[in-house]
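>>> From the sequence below, what's the structure:
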Amino acid sequence: MITLGDLPAPPPGKMGFPWTEGPAGLANSALPRISVVTPSYNQAAYLEETIRSVLLQGYSNLEYVIMDGGSTDGSIEIIKRYAAWLTHWVSEPDAGQSDAINKGWQYCTGDVFAWLNGDDVYAPNALTQVGETFADNSALGLVYGNILVSDSVGKQSGIIGYHAANAYMLAALEIPYQPASFFKASIVGQVGCLDVSLRYVMDVDILVRVMANAPMARINQPLASFRIHAQSKTNLGEAAFARELIGLAEKIQSHLVDYPGLAQIERSQTISNFHRLAAKHFYQGNCFRDALMQIILACRTNPTATLAILGDEGLGWLVRRLLPMRFYRALAHRLRAKPATQNF
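Below you'll find the predicted structure:
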């Protein structure tokens, strides 16, 4: 088990996990091997925290691979400081994030696969909770948990959980957040790795494939921290994310035989859910007209499934659909209400 004393000293002023606090509890070598890949490109500002959060899990049966895309910002020097504790690392050009992850998984021999981007962080004891959950139920294809949201300096702004019961996640198209998602290696072998043609929704793509083909379990605890900063794809690519979602919906409908779980759900419900999810990302990308069009399409396709969310989110959801974001935020400010933008 890797401890604080094994790793390089943290930079001055860094406190808490994974800087001055290490693993809690005893390592259990009987748990399944977990293989984690970190794809990274010029993320030196966050990469060391990511690396330490993996290594200081106190998880004995761990493989950790870092696939750097040829960074020039000091990332290589950071990786080299931790190379002794890595299963493998390389710095070379790749065809994008999905390609890097797929290549990284080729070096892995674990029972469970995951990836943690170079600007995200695992929560303390996350891997032990995941390993124990897989060990308790060998039929599981996916284990996922809640997620913390943080900013560029790591300040947490909240926890995101899930509204749908586990059995209804796929029907509601409520997709687990990728940093807190862990796949059984054999199910990845069955459904395939990441689609390298996708830049924004490759996580949604593989999660839907796994959810439609295998049982899953939720850990009702934060397993990772998802960092939103100025250069993150979450901030830069909302509209592109929405357009890839629409293409993914078309792909699923034309290959429904590969998604047995979705085949059991009313087709119009699945299509309307994709329209609604695309509307969320168009809206957050300030493409109000596109967002409104997706909501109209969702209502036309399956009005019951689309408007059912009113029961969970209330009138605020409908107001967000009918007002451009700048007007909604101004209204929310005037009413002294904090605008909710996480659930659409």
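>>> The stretch 51-200 of the chain: helices as residue ranges?
With DSSP state H, counting those that start in this stretch as the criterion, the stretch 51-200 of the chain has helices at 75-81, 97-105, 126-136, 185-191.
>>> Could you export the third one as PDB, CA atoms only?
Included here for helix 126-136 are C-alpha records, laid out as PDB according to Å, rounded to 0.1, in the frame of the first residue of the first chain:
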ATOM      1  CA  ALA A 126     -13.400   5.500  -3.400                       C
ATOM      2  CA  LEU A 127     -11.600   2.500  -4.900                       C
ATOM      3  CA  THR A 128     -12.200   0.300  -1.800                       C
ATOM      4  CA  GLN A 129     -15.900   1.000  -2.000                       C
ATOM      5  CA  VAL A 130     -15.900   0.200  -5.700                       C
ATOM      6  CA  GLY A 131     -13.900  -3.000  -5.200                       C
ATOM      7  CA  GLU A 132     -16.100  -4.200  -2.400                       C
ATOM      8  CA  THR A 133     -19.200  -3.600  -4.400                       C
ATOM      9  CA  PHE A 134     -17.900  -5.600  -7.400                       C
ATOM     10  CA  ALA A 135     -16.700  -8.400  -5.000                       C
ATOM     11  CA  ASP A 136     -20.100  -8.700  -3.500                       C
END
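>>> Please compute how far it lies from its chain's middle.
18 Å (Cα atoms, centre = their mean, to the nearest Å).
>>> Any regions of the stretch 101-250 of the chain where pLDDT drops low?
Along the stretch 101-250 of the chain, segments meeting pLDDT under 70 span 152-154, 156-157, 229-236.
>>> what about Ala167, how many neighbours?
For Ala167, the neighbour count with other Cβ atoms under 10 Å is 9. For glycine as for every other residue, the C-beta is placed from the backbone atoms N, C-alpha and C.
>>> Equivalent analysis for Ser71, please.
19.
>>> Asp136 too?
Neighbour number of Asp136 under other Cβ under 10 Å is 9.
>>> separation between it and Ala180?
When Cβ to Cβ, to the nearest Å is the yardstick, Asp136 and Ala180 sit 18 Å from each other.
>>> ok, now Ala84?
Taking Cβ to Cβ, one finds Ala84 at 28 Å from Ala180.
>>> Neighbour count for the two, which is higher?
Using other Cβ under 10 Å, the more surrounded residue of Ala84 and Ala180 is Ala180, with 28 against 10.
>>> Please name the nearest non-neighbouring residue to that one.
Leu223 (3.9 Å; Cβ to Cβ, 6 or more residues apart in numbering).
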